[in-house]
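Peer 1: how does the following fold in three dimensions:
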Amino acid sequence: MTAFARSERLALGETLRAVGPDVPTLCEGWLTRDLAAHLVLRESRPDPAPGIVVSALAGRTARVQRSLAQLSWPQLVDRVQHPPFWSPLSWGPLEEAANLSEHFVHHEDVLRAQPGWVQPRPIDPAYEQALWSAVASHGRLLFRRSPVPTTLGSRSTVSRRT
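Peer 2: Here you go, the predicted model:
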């Protein structure tokens, strides 16, 4: 079993520490503090987390996320890097399934929003393959109702089943 999600979580935390709490990200309207609070909410607050995907519950989720964003920056980043032991999203295969692409994408959201960003960082080929597998898997779900075949990047095609 790989541990790409865990190593990406730690690397994301180090990037967050380096850039600070109040710099832009590629997540529209979010500073790094907001993004970190989102990640903490996903793994440590199961009660409002459904509002991340269910719009009727989004108000409560936003309130809890704003509350988490008020933690000190070192506390918030520490909670990104070290979720509670009881969080299923931090356990082995479930962590890989839930966080492999989440941490990678949000790490890139921070890196690419920084002044002077030039090109993507190099990643291990095995990690790249794991990410493409996640894209293909998630893509099937996200584009299942698409009336036409959809190509994601140059490696993955998602076709609608008839």
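Peer 1: ok, which stretches of this structure are strands?
Peer 2: Taking DSSP state E as the test, the strands found in the chain are 150-152, 156-158.
Peer 1: could you measure from Gly13 over to Arg60?
Peer 2: From Gly13 across to Arg60, the span is 26 Å (C-beta to C-beta, to the nearest Å). All C-beta atoms are positioned from the backbone trio N, CA, C, and that covers glycine.
Peer 1: so which of those two has more stuff around it?
Peer 2: For Gly13 versus Arg60, neighbours defined as other C-beta atoms under 10 Å are more numerous around Gly13 (21 against 13).
Peer 1: quick one on the thing from earlier: comparing the strands of the chain by mean pLDDT, which bottoms out?
Peer 2: When these are compared by mean pLDDT, strand 156-158 comes last with a mean of 47.
Peer 1: so, low pLDDT: which residues of the chain?
Peer 2: 1-2, 152-162 (pLDDT under 70).
Peer 1: in it, which helix has the most residues?
Peer 2: Longest helix of the chain, by residue count under DSSP state H: helix 92-112.
Peer 1: tell me the buried residues in it?
Peer 2: Under the neighbour-count criterion of 16 or more other C-beta atoms under 10 Å, helix 92-112 has 95-96, 98-104, 106-111 buried.
Peer 1: what of stretch 112-120?
Peer 2: Buried residues in stretch 112-120, counted by 16+ other C-beta under 10 Å: Ala113.
Peer 1: going forward, count from 11.
Peer 2: In the new count, where the first residue is 11, that last one comes out as stretch 122-130.
Peer 1: and that stretch, how far out from the chain middle?
Peer 2: Distance of stretch 122-130 from the chain centroid (C-alpha atoms, centre = their mean, to the nearest Å) equals 18 Å.
Peer 1: dump that stretch to PDB, restricted to CA.
Peer 2: C-alpha atoms of stretch 122-130 as PDB (Å, rounded to 0.1, in the frame of the first residue of the first chain):
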ATOM      1  CA  ARG A 122       0.200  27.900  -8.300                       C
ATOM      2  CA  ALA A 123      -1.300  31.000  -6.700                       C
ATOM      3  CA  GLN A 124       2.100  32.300  -5.500                       C
ATOM      4  CA  PRO A 125       3.900  35.100  -7.300                       C
ATOM      5  CA  GLY A 126       6.600  33.700  -9.500                       C
ATOM      6  CA  TRP A 127       5.100  30.300  -9.900                       C
ATOM      7  CA  VAL A 128       6.400  28.900 -13.200                       C
ATOM      8  CA  GLN A 129       5.700  25.200 -13.600                       C
ATOM      9  CA  PRO A 130       4.300  22.200 -11.800                       C
END
